[in-house]
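Colleague: After the sequence you'll find the predicted model.
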Amino acid sequence: MQKLKKMVAYADTHFEKPFLILGLVAMILIICYQTLYRYLITFLIQFVGDPSNAWMIAPFCDPLALKNTISQYVGLSVWSEETARYIFIWISYLAIPLAIRERSNIRVDIIYDRLSNRLQAASWVVVDLCLLILSGFMLFKGFEHVRMQIEIPQTTAALQIPYFIPYLILPVGFGLMVLRALEDLCAQVYRIRATDSLLAVLFTVFLFSPVFLFEQLNAIMLLFGYFIVLLFIGVPIAFSLGIASLMTVLGANTLPVDYLASVAFTSIDSFPIMAIPFFIAAGIFMGAGGLSHRLLALADEVVGGLSGGIALASIATCMFFAAISGSGPPPWRPSAR
């Protein structure tokens, strides 16, 4: 137990938190660079290509030649998007182990809050076992996927680095999740009665035994059944989705099992999805500064007295937030006739 705590503490101090902070700062700077560079190049091309500005450029050089020269630099920021995406994937999977340690993953606790203290403590053993099942399986498949990338070398499109480098986050991230879940499981088992721990283990075995005892089960029943059950026993929503998908693949043979490791990486390998943590951060800042409360109060004063005032005030507040954050619709422009 002490060795496990030392390993987790070392990873927390020397790897997880420093990389999360540096990665987040680097991602913000890279995205800012890409945005400014894209707008600057676009502005210069439009300015030079505008015939009305030719009188300012012609005394020094040919406007068409200058436009073609500037256009050659359009692709210099291609690396930034790929780099930001890979950094986002790494910090996403490194943040999950910290959330496991803090027990801050989003989960449904409507049943958990109604349980006795003894059952609540035992339920955490079930949750930790579920986290271990998914994390351990993905750790094994992540190693296999990285080994395949090394044996069949490929390079990324923009950075031209071997693909196994960004895919290393699968064994690293899920390995840290296994350590965090083991640490929490050992601490929880130590705190509760041995009989409660045994009952929690038996319940977990009973929960997943149908997948291994029966063949060709209904995929829809497995997917939604496990997802709903795992939600109500307090497993975090993200892990509930992952375990339900894993049980469906194992029990219904819908997809090759090796495909899950690739999906775990490619599912968040998207540039637009990187806006989510920034919107969350904006919401935290607005809540801490009192801006969200003021926006809601303003919307309530304007439309709160109407029928359905709560819904209207919520929609109006979201409109204010969209306008502030820049995520609203583009400004209306009259069509040319």
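Modeller: Arrived safely.
Colleague: where does the residue of the chain most remote from its centre land on pLDDT?
Modeller: Centroid-distance maximum for the chain: P59 at 52.7 Å, with CA atoms, centre = their mean. On pLDDT, P59 comes in at 84.
Colleague: Confirm that it sits in a strand.
Modeller: No. Using DSSP: H, G, I helix; E, B strand; the rest coil, the assignment for P59 is coil, not a strand.
Colleague: Could you give the backbone dihedrals for it?
Modeller: In terms of degrees, to the nearest 10, the main-chain angles of P59 are phi -60, psi -20.
Colleague: One more: P162?
Modeller: phi -60, psi 140.
Colleague: Next secondary structure after the lowest-mean-pLDDT helix or strand in the chain?
Modeller: Every helix and strand of the chain was ranked by mean pLDDT, DSSP states H and E. The lowest is helix 2-11, at a mean of 67. The helix or strand immediately downstream of helix 2-11 is helix 17-49, counting by DSSP states H and E.
Colleague: Which parts of the stretch 51-200 of the chain are helices?
Modeller: 54-57, 63-71, 78-102, 117-151, 164-167, 169-191, 194-213 (DSSP state H, counting those that start in this stretch).
Colleague: could you dump those to CSV with distance to L296 and mean neighbour count?
Modeller: For glycine as for every other residue, the C-beta is placed from the backbone atoms N, C-alpha and C. Converted to CSV, the helices of the stretch 51-200 of the chain look like this (distance: least, CB to CB, whole Å; neighbours: other CB atoms under 10 Å):
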stretch, distance to L296, mean neighbour count
helix 54-57, 50, 12
helix 63-71, 46, 15
helix 78-102, 28, 19
helix 117-151, 33, 19
helix 164-167, 41, 18
helix 169-191, 36, 20
helix 194-213, 42, 14
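Colleague: Nearest to V302 among these would be which one?
Modeller: Set against V302 and scored by CB to CB, the helices of the stretch 51-200 of the chain come closest in helix 78-102, at 37.5 Å.
Colleague: Averaged pLDDT, the closest one. What do you get?
Modeller: Here the average pLDDT along helix 78-102 is 90.
Colleague: now it and helix 169-191, what's the angle there?
Modeller: 10 degrees (axes from the mean of the first three to the mean of the last three CA atoms, to 10 degrees).
Colleague: helices or strands next to helix 78-102 in the packing?
Modeller: Packing contacts for helix 78-102, counted by 3 or more CB pairs under 8 Å, 6 or more residues apart in numbering; DSSP states H and E, involve helix 17-49, helix 164-167, helix 169-191.
Colleague: and L199, what is it in contact with?
Modeller: Each residue near L199 by CB atoms under 8 Å, 6 or more residues apart in numbering is listed here: A122.
Colleague: do L98 as well
Modeller: Contacts of L98 by CB under 8 Å, 6+ apart are D12, E16, K17, L20, R180.
Colleague: May I ask which of these has the most neighbours?
Modeller: When neighbours are counted by other CB atoms under 10 Å, R180 leads the contacts of L98 with 25 neighbours.
Colleague: any idea how the protein splits into domains?
Modeller: 2-77, 85-267, 276-325 (automatic domain parsing).
Colleague: What's the local residue count around I243?
Modeller: Applying other CB under 10 Å, I find that I243 has 22 neighbouring residues.
Colleague: element containing it, please.
Modeller: I243 belongs to helix 237-252, assigned by DSSP H and E.
Colleague: Following element in sequence after that helix, please.
Modeller: Immediately after helix 237-252, counting by DSSP H and E, sits helix 259-266.
Colleague: okay, that next one in PDB with CA atoms only?
Modeller: The C-alpha trace of helix 259-266 is given here as PDB (Å, rounded to 0.1, in the frame of the first residue of the first chain):
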ATOM      1  CA  TYR A 259     -11.000  -1.400 -32.400                       C
ATOM      2  CA  LEU A 260     -11.800   0.200 -29.000                       C
ATOM      3  CA  ALA A 261      -8.200   1.400 -28.500                       C
ATOM      4  CA  SER A 262      -8.300   3.300 -31.700                       C
ATOM      5  CA  VAL A 263     -11.700   4.800 -30.900                       C
ATOM      6  CA  ALA A 264     -10.500   5.900 -27.500                       C
ATOM      7  CA  PHE A 265      -8.000   8.100 -29.300                       C
ATOM      8  CA  THR A 266      -9.800   9.200 -32.400                       C
END
